[in-house]
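K.L.:
Need the 3D shape of this:
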Amino acid sequence: MEATKNSYETLFVIDPDLTEEATKAMIEKFTKLIADNGEVESVDEWGKRRLAYPINDKPEGYYVLVNFKADPSLPSELERIFGITEGIMRSLVVRHEDKKPRAKKQPVKAAPEA
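P.N.:
Numbering: from 1, shown residues only. Okay, here's the model as predicted:
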């Protein structure tokens, strides 16, 4: 029986003070980690953007969005690695709901009175 793969997306913000090579290496590190444990669907580099509020006294960060499919155990491991990686300012992993139509519930009929 094949394990269920869910659809996820992760958005992470990299420290803008890193060199261009270090930023590319960081993106490669996380996309490789996801590819080794799942299937990368797309990588979208948004580049440097202004933050809504300063993080570590920095007004901007380098944003990267990755859509992927993986087993349910990968997101928690990915969040753990984001948390211990120097240069990651913020990160978020979100599961996409499958777009399957749900079966409508049949109304319960009241029993006839005796």
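K.L.:
Please count neighbours and contacts with C-alpha atoms only from this point.
P.N.:
Noted.
K.L.:
for stretch 4-22, the distance to its chain's centre please.
P.N.:
Going by Cα atoms, centre = their mean, to the nearest Å, the spacing between the C-alpha centre of stretch 4-22 and its chain's C-alpha centre is 8 Å.
K.L.:
Could I get the buried residue list for it?
P.N.:
Taking 16 or more other Cα atoms under 10 Å as the basis for neighbour counts, the residues of stretch 4-22 that come out buried are 7-16.
K.L.:
which ones among the residues you listed are found in strands?
P.N.:
When the buried residues of stretch 4-22 are checked against strands (DSSP state E), the matches are 7-14.
K.L.:
And the furthest pair within the residues you listed?
P.N.:
In terms of Cα to Cα, those reach their longest pairwise distance at S7 and I14, which sit 23.0 Å apart.
K.L.:
Flag the shaky bits of this protein, pLDDT-wise.
P.N.:
Residues of the chain that meet the criterion pLDDT under 70 lie in 1-3, 98-114.
K.L.:
can you map out the strands along it?
P.N.:
Listed in chain order, the strands found in the chain under DSSP E are 6-14, 38-55, 58-70, 88-96.
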